[in-house]
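J.: Sharing a model prediction with you, sequence too.
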Amino acid sequence: MSFTFQVDQPDRDPVVRIRRLEGEAEALAFARQLQSDWPDHQMIEVRREGELLIRLRRHA
């Protein structure tokens, strides 16, 4: 399956990554990795075929 990951950051354009993964569990794991890679993110959205599956927000 193909998943689209969008990382929203303050004062920057969003970063978009597209990955082919086996399922939603792998997509969630990759989203969690993105949280670590961009600690200043505001939100990470994961979509499959345009449908929003996961939204992670940064905790203050």
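T.: It's in.
J.: who touches I54 in this structure?
T.: Taking CB atoms under 8 Å, 6 or more residues apart in numbering as the definition of contact, the neighbours of I54 are 24, 27-28, 31, 44-46. No exception for glycine: its C-beta is placed from N, CA and C like everyone else's.
J.: can you check E49 too?
T.: With the criterion set at CB under 8 Å, 6+ apart, E49 makes contact with S2.
J.: Next up, the contacts around the nearest residue to R32 once chain neighbours are set aside.
T.: On the basis of CB to CB, 6 or more residues apart in numbering, the spatially nearest residue to R32 that is not a chain neighbour turns out to be L56, at 7.6 Å. For L56, the contact set (CB under 8 Å, 6+ apart) comprises 31-32, 35, 43-45.
J.: Then R17?
T.: R17 sits next to 4-5, 7, 34 when contact means CB under 8 Å, 6+ apart.
J.: Select only the buried ones of the contacts of I54 in PyMOL?
T.: Selection of the buried residues among the contacts of I54 in PyMOL, burial being defined by 16 or more other CB atoms under 10 Å:
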select buried, resi 27+28+31+44+45+46
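J.: Just send the contacts of I54 back as TSV, with secondary structure, distance to D13 and pLDDT too.
T.: Shown next, in TSV, are these (DSSP: H, G, I helix; E, B strand; the rest coil; distance: CB to CB, whole Å; pLDDT from 0 to 100):
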residue	secondary structure	distance to D13	pLDDT
E24	helix	27	95
A27	helix	22	97
L28	helix	24	96
A31	helix	19	96
I44	strand	15	97
E45	strand	15	97
V46	strand	18	98
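J.: which among the contacts of I54 gets closest to R12?
T.: Taking CB to CB as the measure, R12 sits nearest to I44 out of the contacts of I54, at 13.8 Å.
J.: Skipping adjacent residues, who's closest to the closest one in space?
T.: The spatial neighbour of I44 that comes closest, neighbours along the chain excluded (CB to CB, 6+ apart), is L56 at 4.5 Å.
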